[in-house]
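1. Dropping a prediction and its sequence here:
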Number of protein chains: 2
Amino acid sequence: MQLEKIVNYHKALADPTRLRILLLLSEGEMNGQALAEKLNISQPTVTHHAAKLREAALITERREKNTVYFAQNRYFIQQHAQASLQFIIKEGGKQMSEPANENVKAAVLRNFFAKDGRLRQIPAQYKKKLIALEHMVEQLEPGRKYTEKEMNEFIKHYHEDFATIRREFIMHQFMYREDGIYELNPRELWTRWENVK
Amino acid sequence: MQLEKIVNYHKALADPTRLRILLLLSEGEMNGQALAEKLNISQPTVTHHAAKLREAALITERREKNTVYFAQNRYFIQQHAQASLQFIIKEGGKQMSEPANENVKAAVLRNFFAKDGRLRQIPAQYKKKLIALEHMVEQLEPGRKYTEKEMNEFIKHYHEDFATIRREFIMHQFMYREDGIYELNPRELWTRWENVK
DNA sequence: AATCTAATTTTATATTTATCTAATTATATG
DNA sequence: CATATAATTAGATAAATATAAAATTAGATT
């Protein structure tokens, strides 16, 4: 049942100790003892919480010799956050582009993109830049993982300055990067609500 | 403390009955009895869960005669989901690099406030929201004490959802509240240095 | 094999909390 | 004022769970 999964996701995050564990892991992986020490709790307690976080797929583990390293599972953290929101709020595609914005958007697409689809230049104005970035990013597959090389190739179809654009994708949270692997963020994270009206 | 707020948000959603309440409310407002019947639980249980949801600001209430209608507070549901994600995942705080702030400020004032001075809608993006809040709060007298009723009246000049905005004033430390009395915080407490420059 | 380290499992305890019934409060209406 | 309806509060109970101490397991090193 879907409801149960969402409950478990929130249960996993509904505890200060577990949140602090995730917070520590946001800076990189860590083993059990280190966590116990940092948080001033016993090791069994760490195991207990790790089990809960693992059940909800919010962390991953890696064993090296006899120490276990924990790490965030960002993909599922975001995935579940999105699923939960959608479950509660129930409006999948309800944020349609509204006429006024449609004009701005159409103008940007017309003025900044050539007939062959390439980006003539990167818009300097914030809002227009975001529109351009969004237009490109929409061609990427949700859920698929891209290497940096693949990202460069993809962006080069639009513009030579792939490094800048790749960085902007991250900066504006269209994508997230981990260990050189790029992946689309859930749409909710980058949809700009003030444009919705 | 921020952590505590996030824990409470997830606690509020970490229960199947409460999720089902929100699910029912996604289709529109509903009173307590209707909820109790739909969910096959007693009315006190509904009250209990409603209190939890209210504490986390996930629902709003409206009294008509002697029946209370509950409704989703979508704004805060989304707000908290986002805050939680950013807290865990980071990556929200370390970016920036945007056009000159005075431009942003002017744009926010132009886009979010109507000619008559009213706030068209509450900006969803953090930075823009702060600009809008600051704009309103600057009309209050430093040192003067305001009752909650006065605050509501003041805010209603800008927007009907005075409860949300009043709460945001506190949350972002523009104001300080004690025993239902509101007072402006010293400017140094809320001036954002990126804006000064 | 003996030992050491890190993690887990077991067991027990104290706290939290979801739920109900009964009693009370709030509001409206005859 | 008396009555009716909806909601809340109080009190009680059962279930869930966070934590630690003690015992055990897993793997590595000597």
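-> Ah, there it is.
2. What residues sit buried inside the longest helix along chain A?
-> Counting by DSSP state H, the longest helix found in chain A is helix A:74-89. Using 16 or more other C-beta atoms under 10 Å in any protein chain shown as the test for burial, helix A:74-89 gives A:74, A:76-78, A:80-85, A:87-89. From N, CA and C alone the C-beta is placed, and that goes for glycine too.
3. Tell me who's in contact with A:I155.
-> Contacts for A:I155 (C-beta atoms under 8 Å, 6 or more residues apart in numbering or on different chains) come out as A:M136, A:F162, A:I165, A:R166.
4. give the contact list for the closest residue to it other than its chain neighbours.
-> Distances taken as C-beta to C-beta, 6 or more residues apart in numbering or on different chains place A:F162 nearest to A:I155, at 3.9 Å, with adjacent residues excluded. Shown in contact with A:F162 (C-beta under 8 Å, 6+ apart): A:M151, A:N152, A:I155, A:K156.
5. cutoff 6 Å now
-> Applying C-beta atoms under 6 Å, 6 or more residues apart in numbering or on different chains to A:F162 gives the contacts A:N152, A:I155, A:K156.
6. Which pLDDT value belongs to A:E160?
-> At A:E160, the model reports a pLDDT of 87.
7. What of A:E98?
-> 47.
8. which residue ranges form the strands in chain A?
-> Using DSSP state E, the strands of chain A run over A:30-31, A:59-64, A:67-72, A:145-147, A:175-178, A:181-184.
9. Name the residues of chain A found near DNA strand D, please.
-> A:11, A:14-17, A:40-42, A:44-45, A:48-49, A:52, A:63, A:65-66 (C-beta under 7 Å from any atom of the strand).
10. so which of those residues also contact DNA strand C?
-> For DNA strand C, the contacts drawn from the residues of chain A next to DNA strand D by C-beta under 7 Å from any atom of the strand are A:P44, A:H48, A:N66.
11. ok, those residues vs chain B, which is closest?
-> A:H48 (16.7 Å; C-beta to the nearest C-beta).
12. Now do the closest one against A:L13, distance only.
-> Per C-beta to C-beta, to the nearest Å, A:H48 is found 15 Å from A:L13.
13. A:H80 too?
-> Note on A:H80: its distance to A:L13, by C-beta to C-beta, is 9 Å.
14. Quick check: neighbours shared by those two?
-> Listed contacts common to A:H80 and A:L13 are nil; contacts here mean C-beta under 6 Å, 6+ apart.
15. among the helices and strands of chain A, which one scores worst on average pLDDT?
-> Taking mean pLDDT, DSSP states H and E as the measure, helix A:187-190 is the helix or strand of chain A with the lowest mean score, a mean of 57.
16. Please parse chain A into its domains.
-> A:2-75, A:95-195 (automatic domain parsing).
17. Out of those domains, which gets the lowest mean score?
-> For the domains of chain A, where the average pLDDT is lowest is domain A:95-195, sitting at a mean of 78.
18. circling back: counting neighbours, which of the contacts of A:I155 comes out on top?
-> A:I165 (23 neighbours; other C-beta atoms under 10 Å in any protein chain shown).
19. how close does it sit to A:A114?
-> A:I165 is 16 Å from A:A114, where distance means C-beta to C-beta.
20. Please list the residues of chain A that sit near chain B.
-> A:3, A:7, A:10-11, A:13-14, A:16, A:19, A:22, A:26, A:81, A:85, A:88, A:90, A:126, A:171, A:193-194 (C-beta under 6 Å from any C-beta of the partner chain).
21. Please indicate which of those are buried?
-> Judged by 16+ other C-beta under 10 Å, buried ones among the residues of chain A next to chain B: A:7, A:10-11, A:13-14, A:19, A:22, A:26, A:81, A:85, A:88, A:171, A:194.
22. quick one: which of those is nearest DNA strand D?
-> A:K11 (5.4 Å; C-beta to the nearest atom of the strand).
23. can I assume that closest one is in contact with B:D15?
-> No: in this structure, A:K11 is not within contact of B:D15 by C-beta atoms under 6 Å, at 8.5 Å.
24. for DNA strand C, what are the nearby residues on chain A?
-> A:31-33, A:43-44, A:46-48, A:50-51, A:61, A:66-68.
25. And these, which is closest to B:Q121?
-> Closest approach to B:Q121 among the residues of chain A next to DNA strand C (C-beta to C-beta): A:A50, at 42.5 Å.
26. What is the burial count for the closest one?
-> 19.
27. ok, now which ones touch it?
-> Contacts of A:A50 (C-beta under 6 Å, 6+ apart): none.
28. Can you give me the distance of the residue nearest to A:G28 when sequence neighbours are not counted to A:A50?
-> Distances taken as C-beta to C-beta, 6+ apart put A:A71 closest to A:G28, at 7.6 Å, once the chain neighbours are dropped. The spacing between A:A71 and A:A50, counted by C-beta to C-beta, is 11 Å.
29. Next: A:E148.
-> Remark: distance between A:E148 and A:A50 (C-beta to C-beta) = 31 Å.
30. what do you get for A:F174?
-> Applying C-beta to C-beta to A:F174 and A:A50 gives a distance of 32 Å.
31. what do you get for A:I155?
-> Distance, A:I155 to A:A50, using C-beta to C-beta: 38 Å.
32. same deal with A:I122?
-> From A:I122 over to A:A50 the distance is 44 Å, taken as C-beta to C-beta.
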